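1. got a structure for you, letters missing:
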């Protein structure tokens, strides 16, 4: 990770809110030959200052089999990113760059039992479906749930290290950042406009 004080967000609440907004994360662990990873949604819990991530995964995967042996993991939360042209700078010549936002959460994973796995699936289903939807967890046939649960497993990750890069042109002058905001807002791209908004917050 590119670490410099210019691009580090030190407000813990900002980081947690970012993780909750971009909670479809990449979970990485060491493999036998190469690293293994899975893309999955994670629940972010602030438990009296201790950060806990919750999720579930398929058992029929190389990642699950490796995590039976390797408990140290890294969860990567990616936010918006975009190209920033040096032609927008107030004081060229300088190099063009890429602005982006990401949080890396490293910790130790523990698998959970069948009842906890069922509860994990219920939480995320209820979050997205609500309780009245015909696809709500409690409206699924019990036989279907009982057949599904043995093939997945819930987990918790206790976070030991939280790193971030919020690279938002903080090292540039106010004039340059205003130029960048204006240029990004002219682009037909959600990420560009999102980065423009984040830069504006920090002016």
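-> Structure's in. What do you need? What you are looking at is a predicted structure, and each value in this text was computed from that prediction instead of being measured.
2. Against residue 94, how distant is the residue lying closest to residue 93 once chain neighbours are set aside?
-> Computed as CB to CB, 6 or more residues apart in numbering, the closest residue to residue 93 that is not its neighbour in sequence is residue 86, at 6.9 Å. Using the backbone N, CA and C atoms, a C-beta is placed for each residue, glycine as well. Per CB to CB, to the nearest Å, residue 86 is found 5 Å from residue 94.
3. Around residue 36, how many other residues sit close by?
-> 20 (other CB atoms under 10 Å).
4. Identify the residues contacting the residue most central in space within the chain.
-> Nearest residue to the geometric centre of the chain (CA atoms, centre = their mean): residue 77, 2.2 Å. By CB atoms under 8 Å, 6 or more residues apart in numbering, the residues touching residue 77 are 18-19, 22-23, 25, 102-105.
5. Which one of those is nearest to residue 1?
-> Nearest to residue 1 among the contacts of residue 77, counting by CB to CB, is residue 104 at 5.9 Å.
6. So the closest one is in contact with residue 76, correct?
-> Yes. Counting by CB atoms under 8 Å, residue 104 does reach residue 76; the two are 5.7 Å apart.
7. ok so, going back, now, which of the contacts of residue 77 lie within helices?
-> Assigned to helices by DSSP state H, the following of those qualify: 18-19.
8. Any chance of the contacts of residue 77 in TSV with distance to residue 8 and pLDDT as columns?
-> Formatted as TSV, the contacts of residue 77 follow (distance: CB to CB, whole Å; pLDDT from 0 to 100):
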residue	distance to residue 8	pLDDT
18	13	98
19	16	98
22	18	98
23	21	97
25	20	98
102	12	98
103	11	98
104	12	98
105	15	98
